[in-house]
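Novice: everything below, folded, please.
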Amino acid sequence: MAEQQVEPKKRQAWIYQRPPSPPLWDLFAGAERRRIAFRYHVTGNIQNALDLAVHFGLKAFPIDTCSNIGAWLGTFAIPRWHKGAVCKARQNLLQLLPDATEAEREAVLRRNWQSQGRIMTEFSIIGRLSKRVVWHNLERVIDAKKNGPVIMVGLHLGNWEVLGPKLVELGFEPSANYTPPSGRARAWIADRLRVKLGYRLMPPGKDGIRPAIKILRNGGVISIFCDEGFAGKIRGPFLGRPPHLEGNLAVVVRLARMTGATICPGYILRTSGANFEAFALPSLVLPPRENTDDGIIDDIVLLNSIIEPITRAHLDQWYFLDSAL
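Specialist: Model prediction:
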């Protein structure tokens, strides 16, 4: 009896919902409502004040000092207060680096802690980091833009935020698809930073699809990251798992099919401290098909084949190493 082929599930559209704001008078309500209100209005605002103080305070430091503070914070805080994430990262490294010794995997993990810490503190000095980036093969992106709309496909490696100023410098007026971080102050900082860098922010989730189509059909540029962790789980790249229709890999190929956009993948690596190299990979124009839905998985696998080897080669700088496979 022939084996039945299982079709991948249809992608469920994700609708972003801003966390609810409990009314202030819930502080005097029943136990559960009081607990939620206290966490939002009291402990939440203490955390917000701390986040804002750290963010603006770090602006006064030299670039290397600011970044080095982050490296120290990462190695100090992550193993002490994020033990679940550390456990997931170790499991991932065991699966992704089966031939490495335990000491080698632990060295990768420690460098990852440093990288995550540096990213957090470097948010305060992104504008100054542009002088610390060596760019490679930018002509690939420039040439693609001359021929029509472009989807920039990035990876969460190095410090990806330095891409924005360069795209603006090239005159691209990029629009970004993103998910706001948890925490009201952190979300405000991220929005404010990206707008200052020159990004136009599209609504997160399903609400961003229609604006993205409009921008691309008008010949514009959008930026989407195809490596992603969602609800604590890695959705892309596949890393040995079966291909699926969830996540940004599917979003990118569908948008490219609908608008004729060229896909321009690239990534940024940290070379040392707060110094970086950025690489534009060869542009990708999806092969023609009569029925694009029939080949959607093939398109996704093709795009995944470009980003997955890069992710595997730089796990020590990958932001989602501590999400579940």
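
Novice: what about G219, neighbour count?
Specialist: When counting by other C-beta atoms under 10 Å, one arrives at 13 neighbours for G219. Any C-beta I mention is one placed from the backbone N, CA and C, and that applies to glycine too.

Novice: ok, the spatially most central residue of the chain - contacts?
Specialist: What sits nearest the mean C-alpha location of the chain, by C-alpha atoms, centre = their mean, is H156, with 4.8 Å. For H156, the residues meeting the contact criterion (C-beta atoms under 8 Å, 6 or more residues apart in numbering) are 225, 227-228, 318-320.

Novice: go with 7 Å
Specialist: Listed by C-beta atoms under 7 Å, 6 or more residues apart in numbering, the contact set of H156 reads 225, 227, 318-320.

Novice: among those, which pair sits farthest apart?
Specialist: Across the contacts of H156, the two members that end up farthest from each other (C-beta to C-beta) are F225 and W318, 11.7 Å apart.

Novice: who has more neighbours, those two?
Specialist: For the pair F225 and W318, the greater number of neighbours falls to W318 (27 against 21), based on other C-beta under 10 Å.

Novice: can you give me the pLDDT of that one?
Specialist: Looking at W318, its pLDDT reads 98.

Novice: cool, and A176?
Specialist: Predicted confidence (pLDDT) at A176: the value is 86.

Novice: quick one: the helices in this protein, in order.
Specialist: Listed in chain order, the helices found in the chain under DSSP state H are 31-38, 44-58, 63-81, 83-96, 102-122, 126-129, 139-146, 163-169, 184-197, 209-217, 248-259, 296-313.

Novice: deepest-packed of those, please.
Specialist: The densest packing among the helices of the chain, expressed as mean neighbour count by mean count of other C-beta atoms under 10 Å, is seen in helix 248-259 with a mean of 22.

Novice: other residues contacting that one?
Specialist: Counting by C-beta under 7 Å, 6+ apart, 11, 149, 151, 153, 212-213, 216-217, 224-226, 228, 236, 261, 263, 286, 292, 296, 299-300, 303-304 sit against helix 248-259.
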